[in-house]
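In: Fold the following, please.
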Amino acid sequence: MQSDDNSRNTIIFIVAAVILFIAYQFFVLEPAQKRRQAELARQAPAASQVQPGVSAAAVPQVPQAMTRQAAVAATPRIPIATPSVRGSLSLRGARIDDLFLTEYRETVKKDSPPVELLRPEGTQFAWFADIGWTGANVPGLPTADTVWTLVQGSTLAPGQPVVLQTTNGAGLTFTRKIEVDDRFLFTITDTVANTSGQAITIAPYASVQRQGVPKELGTNQIVHEGAVGWLDGKLRQVKYKKWLKDGGGPAYTSTGGWVGITDKYWLTALIPGGAERVTGQFRQTNAGALSIFDANYVGEPRTIPAGRQITETTHFIAGAKRVPLLRQYQQQLGVERLDWAVDWGNFWFLTRPIFSFLAFISQHVLNFGVAILLLTVVVRLIFFPLANKQYESLTKMKKVQPQMEELRKKYKDDPAKQQQELLALYQREKVNPLAGCLPLLLQIPVFYALYKVLTVTIEMRHAPFVGWIQDLSARDPTTIWTLFGLIPWDPASAPLIGGFLDGALHLGVLPLLYGVTMWLTTSMSPPAPDPIQQRIFQLMPLMFTFIMAPFAAGLLLYWTWSNVLTILQQYVIMRRFKVDNPIDRLIRKFTGKPDPAT
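Out: This is a model prediction of the structure:
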C-alpha cells in the first residue's frame, strides 16, 4: 500500500474512532443514563439513616416524600449564616442537613435561586452529614432521633460557634461544639464525659449520606460523580453506576485521609482530626426501591475510664470544589490530596498545569474566555515547530498532487512500479507523507486535557466571555432555529421534532464558526487520492459541526481559535511555496482578479 494512503488511513481511523466514541456517548450512553435517573427520580426516599453496622434490611421505606419546607419545619433548628452559605442544622440528630451556596446560582439569570447542596432526610434526594459515636453494649448513644439541647449560641456563623448537649440518663454526657469559617468548612468537636461509675469503650464515626440520585447526575460520562476519598495513600473513586452495582467496594484502613460524595462541581467531605487511624468505606444499601449511598469512616475504639472524658474533632467540607480553597484546606488541616476531589482524570499531568495557567491568566485579564484564547496561543507556540513541519509537508504534498495523479494513471496496472515512482517523487521533492500525523497525535491529549479542565472545574461555571456567551461551561445558547435569538421561541417546545431541534440540530454561532474554520483547514490540505476518502474528508467539517455543537462554549472557543491560527499558519506557508489555496480563491472571486495559473 502506498505511504500517502497509509498516512490518510491512519488519520481516517483516528477521526472515525473519535466520531464513533462521541456518537456512542451522546446517542446511546447518555439517553440510557437519563432513563435510569428518571426512574430513580420517581422513587421515594428513605426515612432512616444507615449508620455503621446497620443492615440494609433495617432501613424502613417511606411511601411519600415530604416537601423541603415541611422537612425543615418538622425539627427544631439553629440557623447557619456565613458569607458563603446559609441554611440550618437540625437539633434532632445534630445533623448538618440544610444548606444553600449563596455565591452560586442555579442558572446565569440574575433572579436565579442559590444552589441547594444539602437537604433533610424525608425529602426527595436527601443529602446530609451525620457524626457520632458507635459501640457495642453501650446503651443510650445519640442516634438520628436524639434531640439535642442548645446550651450556647443562637446562630452558627464565623466566630460564633454553637454548643449542643445531650445525656443518655446513665452517666454519659455528650457535648458538641460546631464552628464554621467564612467559606465551606465546619469543625465539629465532640466531648464525651463518663460519670457512669464504670469504663466504657466507644468509637467515633462520621457519615455523609445521599438518598437517591437526582436525574441530572451522570449525564456527562467524562466527569466523576459519586464516592470519592483519599484512603490508604490512594485516590478512591466509585461512580454512581458502579456504586449501585457493586455496593461500593471494600473497606480501607487508613491513617488520616478523607471520604465524601461529589457532584460535578460540589463536594461534601469528612476529614478526621489529626493523623487518626480510621476505616473508610463507601456503602450502598436499599430501602425498598430506593438506593442509599453512604461514604463513612469509623475511628479506632477508645476506652473512657469512669470520671474521665475524651474529645474527638471532625472536619466537614460542604461547598464548591474551588481548587485554591481546597489546597488551602489541605494545608490548614494537614490532609493529603484534598484538591484531587476535582476529577483531573488520567491526564492529570496535563489538566492540572493547564488549569493553573488558565487560573493565573484569568486573574490578570479578568475573563476566562480571553484566558482560553491566550492559552491557545501558548499551545500553538509550543507545537509551532512540529506544526510548521506538518503544514510544510501538507503544502508540498498539495504542490506535487498533479504529478502524483499522473503517476497513478500512468502505472495504474503496475502497483509495484507506481509505489516505486511515488517514493522517488517524495524523495526528489523532499516530501514526507507521515510528517502530518505526529503533530495531530500529540495534540489529541492536549485537546482532551483542556476538555476535561473546561468540564470539571467550577471556575468555568457561569464564566462569561462576550455578548451572548455568558457561560463558557455550557453550550452556545444561540440556535439557527431562532435566527440566533431574533425569534422569541423555544425550539424544544416544537411538537414531535422539539427534541431534535434542541438536541442534535442545535447549531449556534460558535459551532457554525467552528465548522467554517474546519472546512477551511480541510480545504487547505491535499486531496485524498481515493474518491471515497475525498468524500469523507469533505463531509468531516459538516459532521464535526453537529458533533461539537453540544460541547461547552469554552471548548468550541478554544478549537475555533486554534483553527484560525492553523489557517493563518497554513496560509503563510502556502503563499511561501506558491501553492493555490481557498483563501486566495475567495479573494479573487470577490475582487475579480484573474487566476495567476491561467
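In: What's the local residue count around residue 497?
Out: Neighbourhood size, residue 497 [other Cβ atoms under 10 Å]: 13. In this view, the C-beta of every residue, glycine as well, is placed from N, C-alpha and C.
In: Next up, the contacts around it.
Out: Residue 497 makes no contacts at all, as judged by Cβ atoms under 8 Å, 6 or more residues apart in numbering.
In: and what of residue 395?
Out: With Cβ under 8 Å, 6+ apart, residue 395 has these contacts: 570, 573, 574, 577, 579.
In: Buried among those? Need that as a selection in PyMOL.
Out: The following PyMOL line selects those of the contacts of residue 395 that are buried, judged by 16 or more other Cβ atoms under 10 Å:
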select buried, resi 570+573+574+579
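In: can the contacts of residue 395 go into a markdown table with extra columns for distance to residue 550, secondary structure and pLDDT?
Out: Shown next, in a markdown table, are those (distance: Cβ to Cβ, whole Å; DSSP: H, G, I helix; E, B strand; the rest coil; pLDDT from 0 to 100):
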| residue | distance to residue 550 | secondary structure | pLDDT |
| --- | --- | --- | --- |
| 570 | 28 | helix | 85 |
| 573 | 34 | helix | 84 |
| 574 | 33 | helix | 83 |
| 577 | 38 | coil | 79 |
| 579 | 36 | coil | 80 |
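In: tell me the two of the contacts of residue 395 that are most distant?
Out: Using Cβ to Cβ, the two most remote members of the contacts of residue 395 are 570 and 577, lying 10.6 Å apart.
In: quick one on the thing from earlier: pick out whichever of the contacts of residue 395 sits closest to residue 459.
Out: For these, the residue nearest residue 459 by Cβ to Cβ is residue 570; the value is 32.9 Å.
In: is it true that that closest one touches residue 391?
Out: Yes - counting by Cβ atoms under 8 Å, residue 391 is a contact partner of residue 570 at 5.0 Å.
In: just checking, next helix/strand downstream of the helix-or-strand element of the chain with minimal mean pLDDT?
Out: Least confident helix or strand, the chain: helix 30-41 with a mean of 44, by mean pLDDT, DSSP states H and E. Per DSSP states H and E, helix 30-41 leads on to helix 68-73 as the next helix or strand towards the C-terminus.
In: Report the rounded mean pLDDT for that next one.
Out: Mean per-residue pLDDT for helix 68-73: 94.
In: could you give the mean pLDDT of the helix or strand harbouring residue 187?
Out: Using DSSP H and E, residue 187 sits within strand 185-194. Model confidence over strand 185-194, given as mean pLDDT, is 97.
In: buried set for that strand?
Out: For strand 185-194, burial by neighbour count (16+ other Cβ under 10 Å) applies to 185, 186, 187, 188, 189, 190, 192, 193, 194.
In: how close does the last one sit to residue 148?
Out: Plainly put, residue 194 is 18 Å away from residue 148 if you go by Cβ to Cβ, to the nearest Å.
In: And for the second one?
Out: Using Cβ to Cβ, one obtains 16 Å as the distance from residue 186 to residue 148.
In: tell me the contacts of the residue positioned nearest the centre of the chain?
Out: Nearest residue to the geometric centre of the chain (Cα atoms, centre = their mean): residue 456, 2.9 Å. By Cβ under 8 Å, 6+ apart, the contact list for residue 456 reads 222, 223, 264, 342, 343, 344, 345.
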